[in-house]
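Undergrad: Next come a sequence and a model predicted from it.
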Amino acid sequence: MKRILIFFVLLSLSAMMSAQNNKDWAKLGRYAEDNAKITKSPKAVLYGDSITDGWPKHDEAFFKEHDFVGRGIGGQTTEEMLVRFRQDVINLKPKYVVILAGINDVALNNGYISNETTVGNIISMCELAKLHKIKPIICSLTPADSFRWRKEVTDVVEQVRNINTMLQEYAHKNHIPYVNYFDAMKDENDALKKDLGYESVHPNLEGYKVMESVLLKTLK
């Protein structure tokens, strides 16, 4: 009986390991079909996590009007975004890539990552873009003061400020446009204004409208 039980335990573990090995960690399959349908290079790829992922769902007309393509994936960290950068940005040959990333690093979605490493991953994306004649645009993290799914992170505001400072300094030093969503969307406590979003992190339609205004001023 013990041997049979051990056999089934080992079988279950083997199945679990196999499923893990077959996991699309960076979600390269998410936009594979959409990318294959693109025949003309877009003006810009808006690249990011759930904030970018939700944008076209709230205001699809904005993307169509300005020839933008959204390539955001909810929950992703800068590590995952760096892995899929070739497929979801370089291969589309846009004029610009608008990079909004890092809030899920702060939220420890893939475990601990330092603010310096987060910024380093974004810098690597910029370097890859430049190598392929794509103009990078760096976005500040949008305001946040807590995570519904990660209550133990209590210094969100401080980390967001720190990452934004480093991103702005790098952008200025390297003559890369910097889109300052943070200042346009923060309240007196450097949190997301309540009328611009929900869950302390994600913009609503009004929040996206503010972001659109700031982004278009930078692009012009």
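TA: It's in. Numbering: from 1, shown residues only.
Undergrad: use CA for all of it now, contacts and neighbours both
TA: OK.
Undergrad: The protein: helices as residue ranges?
TA: 2-21, 32-37, 50-53, 55-58, 60-66, 78-83, 85-88, 103-106, 115-131, 156-173, 181-185, 205-219 (DSSP state H).
Undergrad: Give me the distance from stretch 98-113 to the chain's centre.
TA: Taking the mean of its C-alpha atoms, stretch 98-113 sits 8 Å from the chain's own mean (Cα atoms, centre = their mean, to the nearest Å).
Undergrad: Same check on stretch 92-104?
TA: 8 Å.
Undergrad: Please identify the buried residues of stretch 104-117?
TA: Using 16 or more other Cα atoms under 10 Å as the burial criterion, the residues of stretch 104-117 that qualify are 104, 105, 106, 107, 113, 115.
Undergrad: ugh, wrong one, stretch 151-161
TA: Neighbour counts using 16+ other Cα under 10 Å place 156, 157, 159, 160, 161 of stretch 151-161 among the buried residues.
Undergrad: Same check on stretch 187-198?
TA: In stretch 187-198, counting by 16+ other Cα under 10 Å, buried: 190, 191, 192, 193, 194, 196, 197.
Undergrad: is it possible to export the residues you listed to CSV including distance to residue 52?
TA: Listed next are the buried residues of stretch 187-198 as CSV, based on distance: Cα to Cα, whole Å:
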residue, distance to residue 52
190, 20
191, 19
192, 16
193, 18
194, 19
196, 15
197, 13
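Undergrad: Take those and write them to a markdown table, including pLDDT.
TA: Below are these laid out as a markdown table (pLDDT from 0 to 100):
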| residue | pLDDT |
| --- | --- |
| 190 | 96 |
| 191 | 96 |
| 192 | 97 |
| 193 | 97 |
| 194 | 96 |
| 196 | 97 |
| 197 | 96 |
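Undergrad: Just these: which are in strands?
TA: Among the buried residues of stretch 187-198, the ones falling in strands (DSSP state E) are residue 197.
Undergrad: got a list of what the residue nearest to the spatial centre of the chain touches?
TA: Residue closest to the average C-alpha location in the chain (Cα atoms, centre = their mean): residue 48, at 2.5 Å. Contacts for residue 48 (Cα atoms under 8 Å, 6 or more residues apart in numbering) come out as 71, 72, 73, 76, 81, 99, 100, 101.
Undergrad: Same question for residue 102.
TA: Residue 102 neighbours (Cα under 8 Å, 6+ apart): 77, 78, 118, 119, 141.
Undergrad: between these, which is nearest residue 171?
TA: Set against residue 171, the nearest of those by Cα to Cα is residue 119 (11.0 Å).
Undergrad: starting at the chain centroid, how far to stretch 115-135?
TA: Stretch 115-135 sits 13 Å away from the centroid of its parent chain (Cα atoms, centre = their mean).
Undergrad: For it, which outside residues touch it?
TA: Residues outside stretch 115-135 that contact it (Cα under 8 Å, 6+ apart) are 78-79, 82, 85, 90, 93-97, 99, 101-102, 105-106, 136-137, 159, 162-163, 166-167.
Undergrad: again, only this time at 6 Å
TA: Identification of contacts with stretch 115-135 by Cα atoms under 6 Å, 6 or more residues apart in numbering yields 95, 96, 136, 163.
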